[in-house]
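Undergrad: next comes the sequence, and after it the predicted model I'd like to discuss.
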Amino acid sequence: MSVLLLRLAGPLQAWGSTSRFTQRHTEIAPTKSGVIGLLAAARGQRRTDPLTELLGLGFGVRIDQPGQILRDFQVARSLDGRDSMPLTNRYYLSDAVFLAAIGGDSELLDGLHEAVRRPQFPLYLGRRSCPPVVPVTLGVRPGTVAEVLSDVPWQAAKRLRERGPSTVRLEVLLDAPPGAEVTETLQDEPVSFDPAHRQYGWRAVVRTRVLAPNPDGRPPVAAGVPGGIALADHDPLTWL
Amino acid sequence: MYLTRFLMNTARQGARKLLASPQAMHAAVLSGFPRPEDHTRDDARTLWRVDQGRDRQVVLYVVSPTEPELTHLVEQAGWPRSSESWETRPYDRLLDSLEKGQRWAFRLTANPSRTGRKTENSPTTQRFGQVTATQQLEWLTSRAERHGFTIARQADGELNLVTYDRQVRRFTRNHGQRPVTLVTATYDGVLDIEDPALFRNVLTRGIGHARAYGCGLLTLAPAQPTS
């Protein structure tokens, strides 16, 4: 079992799973269908092509930097200004960073890694107007999805990492293993991206937290270093 | 000399006003001395610092030549019915017991800054805040020797010193005046005393600029070796 790691970061992202008509929602973390779609685009698959190999992949995502939800109330008109398009509310995540892990056979994942490095179609983070920050792929690593997601250092912005502690607790959303106590279900299991008839199955998701290392973080105030000094409680009145 | 610990009640509006503006806090601290000569002498002055302690407690420390009377502060920003609203202890015994070679844990909130010209041909010099963590560490270590102490090193050779709570504070002095901008950083570390006479001056007179604005008060606590 190997895992392909993707770092999904950009000014804007949008990961919808329930949008209908003019309300275009976003989840607070990348969806499986969105990421599988990104991989298929990288391989140059057309929307009508069958997804076969990609359907069996495992998926987990870690929220490294939650970002903020941004609403775009869109009032578009046609080029000649005569017709107005439907008024829509489009929701985005701004300034967010996620780590997505795709579990599967290592040969297939190596191929996907190469494809993401040299994509056939442009990659985007859930919506065409949301380009990613490069590099997207962090390579293929051995282990399970859950293991890999807790080994990789915190991917948030540098200013946040430097301010943070040396280990951080991050929220993780994983494919629920069979028999697990299901916490959530999303209509997010991609079946077909055919524009004439898109199909998504239901997907069970477990929400947990992992401890991730943060090498840039502040060390726990000299404690723990042999020969260091514990400084945690500074009380100048102790010796008066 | 006296060291005072005052417990702030952050739920009170008065406390928020004081914590938001070093100008207001400075005025409130100095109002604790009935005679002006009580808070400034040639060899000592009144210094203060706000610490955020364990359990998110906000504590005000004051070092002053005479004992402050902080009733007004308790009424505005403290815990009037509590027995530990403020506590003053004499500082001289500690000051007298300082000797060369002693090792202490210390905490300092300071205004690391340098003086220079904005451009090469500016007619006047001005003060600039040291903004990066490296500059701020360098600022303290370069001053250590002339103030009679050195920063201890850990077993791995690194300086036993951290900076945190590094911020740029901006507040107004008076209505309509231009705001004051102040770079502050808090240092936690371990020091060795080299020259007790010089070092005593640091404890009573402070270190660096902006001493009226809660900077420059260095306090000591026992250093506990870790295994």
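TA: Now that the structure is in, tell me what you want to look at.
Undergrad: so which strand or helix has the residue of chain B found nearest chain A?
TA: Closest approach between chain B and chain A, counting by C-beta to the nearest C-beta: B:A155, at 2.9 Å. For every residue, glycine as well, the C-beta is placed using N, CA and C. Counting by DSSP states H and E, no helix or strand carries B:A155.
Undergrad: check which helix or strand covers the residue positioned nearest the centre of chain A.
TA: In chain A, the residue lying closest to the centroid (C-alpha atoms, centre = their mean) is A:F98, at 3.7 Å. Using DSSP H and E, A:F98 sits within strand A:88-104.
Undergrad: quick one: contacts for B:Q126?
TA: B:T115, B:G116, B:R117, B:K118 (C-beta atoms under 8 Å, 6 or more residues apart in numbering or on different chains).
Undergrad: doesn't the first one fall inside a strand?
TA: Put plainly, it is B:T115. Yes - remark: B:T115 belongs to a strand, assigned using DSSP: H, G, I helix; E, B strand; the rest coil.
Undergrad: can you pull the contacts of it?
TA: B:T125, B:Q126, B:R127, B:F128.
Undergrad: what do you get for the second one?
TA: Listed by C-beta under 8 Å, 6+ apart, the contact set of B:G116 reads B:T125, B:Q126, B:F128.
Undergrad: walk me through the domains of chain B.
TA: Under the assignment the TED database, the domains of chain B span B:2-91, B:98-222.
Undergrad: and the ones you listed as CSV, adding mean pLDDT?
TA: Putting the domains of chain B into CSV (pLDDT from 0 to 100) gives the following:
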stretch, mean pLDDT
domain B:2-91, 90
domain B:98-222, 90
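Undergrad: want to throw these into a markdown table with distance to A:V116?
TA: Converted to a markdown table, the domains of chain B look like this (distance: least, C-beta to C-beta, whole Å):
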| stretch | distance to A:V116 |
| --- | --- |
| domain B:2-91 | 44 |
| domain B:98-222 | 36 |
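Undergrad: list the buried residues of stretch B:137-144.
TA: B:L137, B:W139, B:L140, B:A144 (16 or more other C-beta atoms under 10 Å in any protein chain shown).
Undergrad: is the first one within a helix or a strand, and which one?
TA: So the one you mean is B:L137. helix B:133-144.
Undergrad: distance from the chain centre to that helix, please.
TA: Average the C-alpha atoms of helix B:133-144, do the same for its chain, and the two points are 16 Å apart (C-alpha atoms, centre = their mean, to the nearest Å).
Undergrad: for stretch B:100-118, same thing?
TA: 10 Å.
Undergrad: now it: buried residues?
TA: Result for stretch B:100-118 [16+ other C-beta under 10 Å]: buried residues B:Q102, B:W104, B:A105, B:F106, B:R107, B:L108, B:T109, B:A110, B:N111, B:P112, B:S113.
Undergrad: could you do stretch B:36-46 as well?
TA: B:D38, B:H39, B:A44, B:R45, B:T46.
Undergrad: anything in that stretch near chain A?
TA: No - legend: contact between stretch B:36-46 and chain A by C-beta under 8 Å from any C-beta of the partner chain is lacking; minimum distance shown is 15.6 Å.
Undergrad: residues making contact with that stretch?
TA: Against stretch B:36-46 from outside (C-beta under 8 Å, 6+ apart): B:1, B:29-30, B:33, B:62-66, B:68, B:201, B:204-206, B:211.
Undergrad: was I right to think B:A197 contacts B:G148?
TA: Yes - using C-beta atoms under 8 Å, B:A197 is in contact with B:G148, at 6.9 Å.
Undergrad: these two: who's more crowded?
TA: Using other C-beta atoms under 10 Å in any protein chain shown, the more surrounded residue of B:A197 and B:G148 is B:G148, with 19 against 9.
Undergrad: quick one: secondary structure of the residue nearest to B:A133 when sequence neighbours are not counted?
TA: Once flanking residues are discounted, B:A133 sits nearest to B:T163: 5.4 Å by C-beta to C-beta, 6 or more residues apart in numbering or on different chains. At B:T163, secondary structure determined by three-state DSSP is strand.
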